[in-house]
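after the sequence you'll find the predicted model.
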Amino acid sequence: MRPIIEFCTNNMHHGTHVLFQKLEQNPDYDVIEYGCLGNCGECYLAPYALVNGEIVPAATVEELEVAIDNKIKEIEAMLDLLGD
């Protein structure tokens, strides 16, 4: 299953647009940008993305990239345990 990584346009002021563009180049991911993801409190405070519908926050864009990678690995490990 390809991970779905969603970004909020309103969160791009944190610098997430650079990470969005980088991840968008990876053919193993579905990367989507929305006008609003409905997490305004999170969006205002720090960089974040949704990975398969789960909020992945971080203090910096660099940390967000690591957190997204870790979340994808966590999801893949769970799928392996379930036999998918």
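Yep, that arrived.

other SSEs contacting the helix or strand hosting Asn70?
Under the criterion of DSSP states H and E, Asn70 resides in helix 61-82. Other elements packing on helix 61-82 under the criterion 3 or more Cβ pairs under 8 Å, 6 or more residues apart in numbering; DSSP states H and E are helix 16-24, strand 48-51, strand 54-57. The way it works is simple: take the backbone N, C-alpha and C, and place the C-beta from them, glycine included.

measure how that helix sits relative to helix 16-24, angle-wise.
Between helix 61-82 and helix 16-24, the angle comes out at 40 degrees (axes from the mean of the first three to the mean of the last three Cα atoms, to 10 degrees).

now helix 61-82: average pLDDT?
On average, the pLDDT along helix 61-82 is 94.

which parts of it are buried?
Burial within helix 61-82, assessed by neighbour count using 16 or more other Cβ atoms under 10 Å, is assigned to Val61, Leu64, Glu65, Ala67, Ile68, Lys71, Ile72.

closest one of the residues you listed to Val51?
Closest to Val51 out of the buried residues of helix 61-82 is Lys71 (4.5 Å), distances taken as Cβ to Cβ.
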